[in-house]
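Asker: Quick one: sequence plus predicted model below, questions after.
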Amino acid sequence: MSTISTVIFDLGGVILNLNQDLTLRAFQRLGLDLSQVNFNSHIFTDFETGKISASDFRMGIRSHLKQNISDEAIDTAWNAMLLDLPEHRLKAIEQLRKTHKVYLLSNTNSIHIDAFNSYFKQQYQPERWVQLFDKIYYSYEIGLRKPNTDIYDFVTTDIQIQPEHCLFIDDSLANINGAADAGLKTIHALEPLGEKLWRQLKTALTE
């Protein structure tokens, strides 16, 4: 009999469809190689842990560009990776909430969340998102970031549960390894939430 009482989902690549290459290509068209920016600075980590604001992030991006582009152009390129969220994934989580505690833990930033919230409001009832989870943890709000073990320690302490009673699902192997190091049970999502991942989840909850 499984001792797992709590499931913690990642957002992008698990619940929300994501394609990071679209953002890389969008910035390339603006004359910027994001991989080089990431190599030479901490701007992305700082933005995802709330150390810098959206305005600071845009200013940092603009400092690497030869041309002066608008905030809107930066946001559009930055948000290009965010795709759709199918109804069946919401229904699956709603079904899971009948038997288990469900949380969200995402490495993200204010620009992405503003765009996601706007998308969700257009597609669904806005309150449905927060009703899906017992609590939502965004890295930029709590100042911690996966795969560091301190973020998993923070979450399990906050919800007052032993890590071995939690199942963590993420599409990043590094994040999965970090969670495992923190004592959580894990599933590495090789594809977003669908029939295959749902079967893996149900098996983990019954073994």
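Answerer: Perfect, thanks for sending it.

Asker: switch to C-alpha atoms for all contacts and neighbour counts from now on
Answerer: Noted.

Asker: What residues sit buried inside stretch 4-23?
Answerer: 4, 6-18, 20, 22-23 (16 or more other C-alpha atoms under 10 Å).

Asker: now stretch 48-62
Answerer: Within stretch 48-62, the residues that count as buried by 16+ other C-alpha under 10 Å are 48-50, 52-53, 57-58, 60-62.

Asker: Distance to Asp170 added to those, as a markdown table?
Answerer: Shown next, in a markdown table, are those (distance: C-alpha to C-alpha, whole Å):
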| residue | distance to Asp170 |
| --- | --- |
| Glu48 | 17 |
| Thr49 | 18 |
| Gly50 | 21 |
| Ile52 | 25 |
| Ser53 | 26 |
| Phe57 | 26 |
| Arg58 | 28 |
| Gly60 | 29 |
| Ile61 | 28 |
| Arg62 | 31 |
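
Asker: Is Leu144 part of a helix or strand, or is it coil?
Answerer: coil (DSSP: H, G, I helix; E, B strand; the rest coil).

Asker: quick one: contacts for it?
Answerer: Residues near Leu144 by C-alpha atoms under 8 Å, 6 or more residues apart in numbering: 49, 150-151.

Asker: I'd like to know which of those is nearest to Lys91.
Answerer: Of all the contacts of Leu144, Ile151 has the smallest distance to Lys91: 27.4 Å, by C-alpha to C-alpha.

Asker: Counting neighbours, which bits of the least confident helix or strand in the chain by mean pLDDT end up buried?
Answerer: Least confident helix or strand of the chain, by mean pLDDT, DSSP states H and E, is helix 34-40 with a mean of 85. For helix 34-40, a neighbour-count test (16+ other C-alpha under 10 Å) marks Leu34 as buried.

Asker: all strands for the chain, in order.
Answerer: With strands called from DSSP state E, the chain shows them at 6-9, 101-106, 135-138, 166-170, 185-188.

Asker: Who are the packing partners of the last one?
Answerer: Packed against strand 185-188, as judged by 3 or more C-alpha pairs under 8 Å, 6 or more residues apart in numbering; DSSP states H and E, are the following elements: strand 166-170, helix 173-181.

Asker: So for Ile187, which of those sits nearest?
Answerer: strand 166-170 (4.9 Å).

Asker: by contact count, what packs against the closest one?
Answerer: Packed next to strand 166-170, using 3+ C-alpha pairs under 8 Å, 6+ apart, are strand 6-9, helix 173-181, strand 185-188.

Asker: on that earlier part again, TSV for the strands of the chain, including mean pLDDT and distance to His112?
Answerer: Shown next, in TSV, are the strands of the chain (pLDDT from 0 to 100; distance: least, C-alpha to C-alpha, whole Å):
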stretch	mean pLDDT	distance to His112
strand 6-9	98	17
strand 101-106	98	11
strand 135-138	98	11
strand 166-170	98	18
strand 185-188	98	23
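
Asker: Out of these, which is the most enclosed?
Answerer: Each of the strands of the chain was scored by mean neighbour count; the highest is strand 166-170, a mean of 25, by mean count of other C-alpha atoms under 10 Å.
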